[in-house]
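Asker: sequence unknown, structure follows:
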């Protein structure tokens with residue numbers, strides 16, 4: 001079992017409850033990464049479902065849980081021949097922290113009937129890694145994954161943002177592990193907020209995130225491409241597409257987030 005598999009493990013307690021332990025290694029300055037929390041929850045949902053893959057997840061982030069013991073509580077809404085739907089809650093000390101609606105299905109591995117082409121990205125070796133965060137920052141998430149950024153989209157590091165809400169990077173886990181649907185749940189929320197490239201800084205908490213699993217990813221780096229459409233009144237949106245090493249679209253997401261102060 002890899003560290004990521006262990007950190008997202010869900011253990012069945014009864015017909016509607018799973019025990020989980022939230023790992024402090026997925027922290028971003030204190031709060032745990034939202035993609036990591038979704039991966040934990042989806043372990044329980046897929047274990048309980050007659051279908052193997054979480055094809056649609058709509059998550060409302062109510063508050064930030066702390067590392068340590070928690071539970072996933074399930075309510076089965078539908079179990080059909082081709083899809084099942086579940087309401088799942090991440091609960092800690094009797095309080096709900098994450099509420100989701102999840103649709104599961106079973107995806108195949110055949111070719112797509114039609115697909116848009118992959119994004120224009122420089123080779124991985126021409127992309128850049130961000131500086132390691134200061135130990136006191138609490139950014140432990142960066143130790144669990146590798147990101148290599150398309151250089152223009154990290155100009156904000158040196159005071160030269162592009163002026164557009166965008167981010168592009170290659171992603172993989174820091175430990176050797178082929179990507180799967182749970183890794184994709186982490187990846188859709190792994191980039192710095194796209195508003196950094198628009199000139200904003202500071203904490204940007206996710207309020208709602210919906211993502212779709214479109215295909216099972218091939219081994220290798222994932223290309224993660226993000227952009228926003230509107231930044232206004234302290235809110236911004238962020239759209240993500242993820243492409244696997246075979247050039248296939250494997251995940252899509254959209255989130256609504258608050259714009260913090262730098």
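Answerer: Nice, I can see it. Worth saying up front: this structure is predicted, and the values here are computed from it rather than measured. Numbering: from 1, shown residues only.
Asker: state the distance from residue 95 to residue 65.
Answerer: Distance of residue 95 to residue 65, given as C-beta to C-beta, to the nearest Å: 9 Å. The C-beta positions use only the backbone N, C-alpha and C, and glycine is treated the same way.
Asker: which one's more surrounded, those two?
Answerer: Shown here are residue 95 and residue 65; by other C-beta atoms under 10 Å, residue 65 has more neighbours (21 against 12).
Asker: can I assume that one is in contact with residue 96?
Answerer: No. Contact criterion C-beta atoms under 8 Å: residue 65 and residue 96 do not qualify, at 9.7 Å.
Asker: what about stretch 85-104, average pLDDT?
Answerer: Computed over stretch 85-104, the mean pLDDT rounds to 98.
Asker: now the end-to-end length of that stretch.
Answerer: End-to-end span of stretch 85-104 (C-alpha to C-alpha, to the nearest Å): 6 Å.
Asker: what do you get for stretch 124-138?
Answerer: 27 Å.
Asker: go through that stretch and flag the buried ones.
Answerer: Neighbour-count burial for stretch 124-138, counted by 16 or more other C-beta atoms under 10 Å, picks out residue 127.
Asker: repeat for stretch 222-237
Answerer: 222, 223, 224, 225, 226, 227, 228, 231, 236, 237.
Asker: now swap in stretch 147-161 and tell me
Answerer: Quick answer for stretch 147-161 (16+ other C-beta under 10 Å): 147, 148, 149, 150, 153, 154, 156, 161.
Asker: before we move on, what about stretch 14-29?
Answerer: 16, 18, 20, 22, 23, 25, 26, 27, 28.
Asker: now that stretch: mean pLDDT?
Answerer: On average, stretch 14-29 scores 96.
Asker: isn't residue 252 right up against residue 212?
Answerer: Yes. Taking C-beta under 8 Å as the definition, residue 252 is a contact partner of residue 212 at 4.9 Å.
Asker: so if I had to pick from the two, which one is more boxed in?
Answerer: Each of residue 252 and residue 212 has its neighbours counted (other C-beta under 10 Å); residue 212 has more, 18 against 15.
Asker: list the residues that contact that one.
Answerer: Neighbouring residues of residue 212 by C-beta atoms under 8 Å, 6 or more residues apart in numbering: 55, 56, 57, 251, 252, 253.
Asker: quickly list what it is bridged to.
Answerer: For residue 212, the beta-bridge partners under DSSP bridges are residue 56, residue 252.
Asker: right, I'll call it a day here.
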